[in-house]
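Enquirer: Fold the stuff below for me.
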Amino acid sequence: LQYEVKKPAAFAERIKVSLSYHIQNEDQVTVKKDNKMDKQGFDVRTTGFWAQMESSALKIGRIVGGIEYYHDAVDSYLFKYKASGVFDKVEIQGPVADDASYDLLGIFVQDEVNLMTKLDLTAGLRYTQAEAQADKVKDPVTGSRIKLSDDWNNTVGSARLLYHLDNDYNIFGGISQGFRAPNLSDLTRYDIAQSGQQEIPNTTLKPEKFVSYEAGLKARAKKWQSQISVFYTSVNDMIMRYPTGNMVGTNYEVQKANIGNGFIQGFELSAN
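Expert: The predicted structure is shown next:
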């Protein structure tokens, strides 16, 4: 449900507000070679809210700011049955933690300002806070029930310059930071990852962080337009799976950790 109003006040050109509710269910039945059966699944209910305001009233450019908040309520289950079809037991959790929640808050502001006759600057800041809570997580070592409670926060920025060579050619360049907190699947997944792999939880994960650099040239005429750009992104603490060296039945045990450090670089060329 969204509501939008134009020019509600002298200082605001537009205000948008949104409310949302999303339901996601997944159920899976697995019959094994020995005729034993597993029934597992999860239910996620997400409540969301965001609000955004645009303003050019201040003499520092065009400002866009807002806030967004999402809350996930998660239930997860795993029922085991014997080969005879008789119910055997209830596991502590299903594919992810049971009786869990995940909260994500973001506050952002961006300013588009003309620095000189031919030079424009777009700068932004974003604050993010994430919190994970779970009452039922299966400890991969002891097999006992443990709890999860953790939170992460970070502020990232971006800046982009655009220089107008003339009406048909523009040069641009920018730098931006990225931040991603581990989600419930990263932290508590206890399920088949890929064929022959059993993933186990890791409740001590840290956020991923990125820094991206980009520069390029845009050209436009009456009958054609083109763009060329180069980019480089540094990657720190990316969450990736790795083999622990253990076996879970006939499956190789894998676990996620902050082991991805490196870079992505390349170029893009387009014309039409």
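Enquirer: quick one: the strands in the stretch 1-150 of the chain?
Expert: Remark: strands assigned in the stretch 1-150 of the chain by DSSP state E, counting those that start in this stretch are 2-9, 12-31, 37-55, 62-81, 87-90, 98-114, 119-138, 145-164.
Enquirer: Let's have the ones you listed in a markdown table, adding mean neighbour count, distance to Phe267 and mean pLDDT.
Expert: Any C-beta I mention is one placed from the backbone N, CA and C, and that applies to glycine too. A markdown table is the format used below for those (neighbours: other CB atoms under 10 Å; distance: least, CB to CB, whole Å; pLDDT from 0 to 100):
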| stretch | mean neighbour count | distance to Phe267 | mean pLDDT |
| --- | --- | --- | --- |
| strand 2-9 | 10 | 38 | 92 |
| strand 12-31 | 12 | 36 | 96 |
| strand 37-55 | 16 | 33 | 97 |
| strand 62-81 | 18 | 29 | 97 |
| strand 87-90 | 12 | 54 | 96 |
| strand 98-114 | 17 | 26 | 97 |
| strand 119-138 | 18 | 22 | 97 |
| strand 145-164 | 15 | 18 | 97 |
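Enquirer: Serialize those to a markdown table and add fields for distance to Tyr242.
Expert: Putting those into a markdown table (distance: least, CB to CB, whole Å) gives the following:
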| stretch | distance to Tyr242 |
| --- | --- |
| strand 2-9 | 42 |
| strand 12-31 | 25 |
| strand 37-55 | 24 |
| strand 62-81 | 24 |
| strand 87-90 | 30 |
| strand 98-114 | 24 |
| strand 119-138 | 20 |
| strand 145-164 | 21 |
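Enquirer: the longest strand in the protein is where?
Expert: strand 225-248 (DSSP state E).
Enquirer: Who are the packing partners of that strand?
Expert: strand 197-200, strand 208-220, strand 251-271 (3 or more CB pairs under 8 Å, 6 or more residues apart in numbering; DSSP states H and E).
Enquirer: Adjacent strands (with direction) for the first one?
Expert: Same thing as strand 197-200. Here strand 197-200 has these sheet partners by DSSP bridges: strand 191-192 (antiparallel), strand 251-271 (parallel).
Enquirer: okay, that strand in PDB with CA atoms only?
Expert: Extracted in PDB, the C-alpha atoms of strand 197-200 (Å, rounded to 0.1, in the frame of the first residue of the first chain):
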ATOM      1  CA  GLN A 197      26.900 -31.200   0.700                       C
ATOM      2  CA  GLN A 198      25.400 -30.600   4.100                       C
ATOM      3  CA  GLU A 199      25.600 -27.000   5.300                       C
ATOM      4  CA  ILE A 200      25.900 -26.300   9.100                       C
END
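Enquirer: Show me which positions of it end up buried.
Expert: The neighbour-count check on strand 197-200 (16 or more other CB atoms under 10 Å) flags Gln198, Glu199, Ile200 as buried.
Enquirer: isn't the second one right next to Thr188, touching?
Expert: It refers to Glu199. No. Taking contacts as CB atoms under 8 Å, Glu199 lies outside contact range of Thr188: 10.0 Å.
Enquirer: Flag every buried residue along the longest strand of the chain.
Expert: Buried-residue list, strand 225-248, by 16+ other CB under 10 Å: Gln227, Ser229, Thr233, Val235, Asn236, Asp237, Ile239, Arg241, Val248.
Enquirer: Quickly list what the fifth one is bridged to.
Expert: Per DSSP bridges, the residues bridged to Asn236 are Lys209.
Enquirer: pretty sure it is in contact with Pro207, am I right?
Expert: No. The pair Asn236 and Pro207 fails to qualify as a contact (CB under 8 Å) at a distance of 9.5 Å.
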